[in-house]
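Engineer: no FASTA, just this:
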């Protein structure tokens, strides 16, 4: 009987350990996702905006905004973290009131969003904090519309970078167990 109780406690401790490691890995990934970003955001011919480049940075979150002038020429301007925070906060207020395009189910089909919506969609965590970013990502319409903030190539780079993160055990999240031909325990 003692042996059965000992095995049961070992299983419980093992399960708790695995759950703890999973939680720590999840926290590490969320922390990495909320890191500061350097963005290049481009205005589309329809007046909406999309992210064309996104890079992690150790400095403050900032962006280069490429906009079209009245002749259709692209002009670049720098946007500081303070300006980005102000736009993201304004858009978040619209999310709270239900008027933000980031939560509308308008079927835009990836046609971009306004500048504030684009900034909120791609940098909410680094600009407004993880709690706000998590609450936004729990909104299904917001999560769905986040993809329209990226050009196709920028989104593919982002998802490839996110999905190749290492887990606690050093394995990629996308990899699966592969049995070697030499046997289960390598023998």
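Structural biologist: Cool, the structure landed. Bear in mind the structure is a predicted one, so any value in this text is a computation, not a measurement. Residues are numbered from 1 along each chain as shown.
Engineer: so residue 54 makes contact with residue 122?
Structural biologist: Yes: using Cβ atoms under 8 Å, residue 54 makes contact with residue 122 at a distance of 6.6 Å. Using the backbone N, CA and C atoms, a C-beta is placed for each residue, glycine as well.
Engineer: more neighbours: which of these two?
Structural biologist: Neighbour count, other Cβ atoms under 10 Å: between residue 54 and residue 122, residue 122 has more, with 24 against 21.
Engineer: what's the spacing between the more buried one and residue 135?
Structural biologist: Using Cβ to Cβ, to the nearest Å, residue 122 is found at 16 Å from residue 135.
Engineer: repeat that for residue 50.
Structural biologist: 24 Å.
Engineer: which one's more surrounded, those two?
Structural biologist: Neighbour totals were compared for residue 50 and residue 135, and residue 50 leads with 22 against 16 (other Cβ under 10 Å).
Engineer: name the helix or strand for that one, please.
Structural biologist: Element membership for residue 50 (DSSP states H and E) is strand 49-56.
Engineer: direction included, what does the helix or strand just after that strand pair up with?
Structural biologist: Once strand 49-56 ends, the next helix or strand along the chain (criterion: DSSP H and E) is strand 62-68. Applying DSSP bridges, strand 62-68 is found paired with strand 37-43 (parallel), strand 74-79 (antiparallel).
Engineer: include distance to residue 144, mean pLDDT and mean neighbour count when you put the ones you listed into JSON lines, please.
Structural biologist: As requested, those are arranged in JSON lines below (distance: least, Cβ to Cβ, whole Å; pLDDT from 0 to 100; neighbours: other Cβ atoms under 10 Å):
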{"stretch": "strand 37-43", "distance to residue 144": "20", "mean pLDDT": "94", "mean neighbour count": "21"}
{"stretch": "strand 74-79", "distance to residue 144": "26", "mean pLDDT": "94", "mean neighbour count": "11"}
